[in-house]
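1. just the structure for this:
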Amino acid sequence: MKPWALSGPSIQIDPLFPYYANRSRDSIADEIALAGYQTVHYFVVRENEVDGALVAAFQRRGIAVWAMVLGNGSFGVSQLPPEWKEWRMKLLREPNDGFQRLSHFAQEYVEWKKNAAARLVTDIPFDGFEVAEPYFPEWNGLRSGVYGDIGPHAQRTFRERSGENIPDFRDKHARNYYRKVPNLYAQWVDLRVDAVNGLISELVNGAGGVRDVRPDICVATWSLAVSGRGDVPGQLREWQGLDAVAMIGCVAPDMHVLQTHWPDWMRRRLPPQYIRGYARIAQSIRAAYPGLPLGVQADIGSLARMVRDREWTRRFGATALEGDYDAWTAYEYHVGGYMYDEPPKPLRAERSAEDEVVISFSKRIATPSVDELRIWSREDRAGTTCDLSRHLRNDSLTLLELVDAVTDGNRLLLRVRNLPAGAFSLRLDGVQDTPELWLLKGRKAHRNLPEDEVRVP
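-> Okay, here's the model as predicted:
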């Protein structure tokens, strides 16, 4: 086990985004490592589209990799068996948002998911396994109508457990309308909590599950958190079947993570200190399980109106540490404001041949034109990377003759005639980032700042 998997900053990645396509896995791992992360949470959108070579590239750099699977459904169906439609939840109102919600009460789904998870961590040596979004829909769902599961699987399970039909959630005049039958409704809420926790426990602890096939793997559980007054933990339990303390007791994870719920992350001007509002939930977990590492997650750019920049993310991380969280993470690496706001910056250089040098940038770059790209060398008397060079005289620079330039993600491979034999500082002009690959379209491209130099050893 990599102990840093349970502590410090980490980042979520979804390699199915175009930003990660058509580049080497090594370049992706290089970019994430240069961003300062030693742990990543690999968002497994579909279990049949997981890049084991990318996981290996991360691990070669000592980066811990969690397999983060969804518990309550799927964004695609290519990995599901033909009978998957029989597993679907039934809601009061179908949102038709492209997400297939699958029922915790469908035992065939739970068994399939367990087998898929076990195959995943057997085939690919992930350092950790976690089930994100294991809950039922939805926050305030009884009012919005996005509430379930109330389908045949849920009805059958509740009848077997209580001997009664499930409460009625539509007809206010019905004898068993949920507000008229508080005792029955409480049984229903308890059943949903048990179903959420039972799903995760079966995937992790069940026969043939994750721990059975990989007893060495770390396990994390996830639940939601919302800032606000009132009984937020009670609302999460009632509306979405989430009881963090009960979940931890059922699953016995190595870490628990509080995921920022959409009423918070969708806010345009959300302050980075907002997680102070999660103190009550965090305190209840720490009181019950004082030695359990606790993490917290933020969203840094899923919507155009709420993109968070680098400073916001830094302050969020600082607030997490001040709040005694052991770890923090964010969704998703390439959607943060730094992607749209900052120019590509050279961070590291290494020689790949006598006449070649590879420059690693802070972000993905486009292939520059050899005719437009200019590079200079400067004798590196100090022997360190030079980042503040505005004051240098231009006559201290020597223009180098560029033969060829090739990109691989954040990397730029330069072939140079008469490359200096000793250590020197390299300056470039004409390197541009890749706005066509970003989540939000229509943003302008950035060129590198020529004064940013990188040392070539």
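
2. going by C-alpha atoms from here, please, whenever you check contacts or count neighbours.
-> Fine.

3. let me see the confidence value for the closest residue to residue 120 other than its chain neighbours.
-> Nearest residue to residue 120, sequence neighbours excluded (C-alpha to C-alpha, 6 or more residues apart in numbering): residue 47, at 6.9 Å. For residue 47, the pLDDT comes out at 93.

4. for this structure, which helix is longest?
-> Longest helix of the chain, by residue count under DSSP state H: helix 182-205.

5. give me the distance from that one to the chain's centre.
-> Distance, stretch centre to chain centre, for helix 182-205: 26 Å (C-alpha atoms, centre = their mean, to the nearest Å).

6. residues in contact with it: which ones?
-> Under the contact criterion C-alpha atoms under 8 Å, 6 or more residues apart in numbering, helix 182-205 has outside partners 71, 104-105, 110, 113-115, 117-118, 131, 134-136, 158, 162, 166-167, 178-179, 209-212, 219, 237-238, 240-243, 246-247, 250-251.

7. next, residue 414: phi, psi?
-> Dihedral pair for residue 414: phi -110, psi 130, per degrees, to the nearest 10.

8. nearest residue to it other than its sequence neighbours?
-> Nearest to residue 414 is residue 405, by C-alpha to C-alpha, 6+ apart, at 4.7 Å.

9. helices along the protein, start to end?
-> Counting by DSSP H, the chain has helices at residues 25-34, 52-60, 107-123, 141-144, 152-162, 182-205, 210-213, 232-240, 244-251, 262-265, 279-288, 310-322, 337-341.

10. surely residue 131 is in contact with residue 72?
-> No. Counting by C-alpha atoms under 8 Å, residue 131 sits too far from residue 72 to count as a contact (9.3 Å).

11. who touches both of the two?
-> By C-alpha under 8 Å, 6+ apart, no residue touches both residue 131 and residue 72.

12. and for residue 398, the neighbour number?
-> Neighbour count for residue 398, taken as other C-alpha atoms under 10 Å: 14.

13. likewise for residue 441?
-> Using other C-alpha under 10 Å, residue 441 has 10 neighbouring residues.

14. tell me the contacts of the closest residue to it other than its chain neighbours?
-> The shortest distance from residue 441 to any non-neighbouring residue, by C-alpha to C-alpha, 6+ apart, is to residue 435 (7.0 Å). Counting by C-alpha under 8 Å, 6+ apart, residue 435 makes contact with 340, 441, 442, 443, 444, 445.

15. top of these by neighbour count?
-> residue 340 (21 neighbours).

16. my guess is that residue contacts residue 441, does it?
-> No. In this structure, residue 340 is not within contact of residue 441 by C-alpha under 8 Å, at 10.0 Å.

17. relative to residue 259, how far out is the residue nearest to residue 120?
-> In this view, residue 47 and residue 259 are 22 Å apart by C-alpha to C-alpha, to the nearest Å.

18. and what of residue 7?
-> The separation that residue 7 has from residue 259, given C-alpha to C-alpha, amounts to 16 Å.

19. likewise for residue 307?
-> 17 Å.

20. give the burial count for the closest residue to residue 76 other than its chain neighbours, as a bare number.
-> In space, and not counting its chain neighbours, residue 76 is closest to residue 46: 6.8 Å by C-alpha to C-alpha, 6+ apart. Residue 46 has 18 neighbours, counted by other C-alpha under 10 Å.

21. with residue 131 instead?
-> Residues lying near residue 131 (other C-alpha under 10 Å) number 22.

22. try residue 3
-> Residue 3: 8 neighbours (other C-alpha under 10 Å).

23. with residue 262 instead?
-> Count around residue 262 with other C-alpha under 10 Å applied: 14.

24. which residues sit against stretch 1-20?
-> Identification of contacts with stretch 1-20 by C-alpha under 8 Å, 6+ apart yields 21, 28, 37-45, 64-65, 127-128, 216-218, 254-255, 293, 295, 317, 326-334, 364, 409, 437-438.

25. got the contact list for the residue nearest to residue 118 when sequence neighbours are not counted?
-> Leaving aside its sequence neighbours, residue 118 sits nearest to residue 210 (C-alpha to C-alpha, 6+ apart; 4.8 Å). Residue 210 makes contact with 114, 117, 118, 121, 129, 203, 204, according to C-alpha under 8 Å, 6+ apart.

26. measure the last one to residue 210 for me?
-> Translated: residue 204. Shown here: residue 204 relative to residue 210, a distance of 5 Å by C-alpha to C-alpha.

27. kindly report the same for the first one.
-> In this structure, residue 114 and residue 210 are 7 Å apart, going by C-alpha to C-alpha.

28. and for the closest residue to residue 140 other than its chain neighbours, the neighbour number?
-> Closest residue to residue 140 apart from its sequence neighbours, by C-alpha to C-alpha, 6+ apart: residue 239 at 6.6 Å. By other C-alpha under 10 Å, 21 other residues sit near residue 239.
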